[in-house]
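**Q** any chance you can model this:
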Amino acid sequence: QVHLVESGGGSVQAGGSLSLSCVASGDTDCTYLMSWYRQNPGGERGFVAGITSGGDPTYVEYVKGRFTIPQDNEKRTIKLQMNSLKVEDTAMYYCKFQCFDGASTGAFWGQGTQVTVSS
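**A** Sure, this is the predicted structure:
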């Protein structure tokens, strides 16, 4: 099993910044992808950004240039620096740990952390 602890989030005005962090523990000895997804009530959960165990980041198009995964990330940790936040970035943000091999093959989700951007 893999346990995820998320932190960060909160409320900010449009144009402001927030930072999210997620740390994975447990059976994490695997090839993995750690990601942030977001979801609004009644909506689908969608991919925002992720980083592989090899350290390669990837972003959804609409956050490129605004959101960054710091390259000094420790292993099995994903941080998300969110700058120039927009009202439409308001959502519950979920951390996902996807294990592709090893004892915990599969996907694990955090509890979620709320990000609210006001105009």
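**Q** going by C-alpha atoms from here, please, whenever you check contacts or count neighbours.
**A** Noted.
**Q** just the pLDDT at the closest residue to Thr90 other than its chain neighbours, thanks.
**A** Nearest in space to Thr90, with sequence neighbours left out and distances taken as Cα to Cα, 6 or more residues apart in numbering, is Thr116 at 4.6 Å. If you check Thr116, the pLDDT there is 97.
**Q** contacting residues for Thr116?
**A** Residues near Thr116 by Cα atoms under 8 Å, 6 or more residues apart in numbering: Gly9, Gly10, Ser11, Val12, Val87, Asp89, Thr90, Ala91.
**Q** check the gap between Gln71 and Thr58 for me.
**A** 12 Å (Cα to Cα, to the nearest Å).
**Q** just the pLDDT at the most centrally placed residue in the chain, thanks.
**A** Residue closest to the average C-alpha location in the chain (Cα atoms, centre = their mean): Trp36, at 2.3 Å. Looking at Trp36, its pLDDT is 97.
**Q** ditto for Asp72
**A** For Asp72, pLDDT reads 63.
**Q** setting the sequence-adjacent residues aside, check what's closest to Ser53.
**A** Nearest one to Ser53, counting by Cα to Cα, 6+ apart, is Tyr32 at 5.3 Å.
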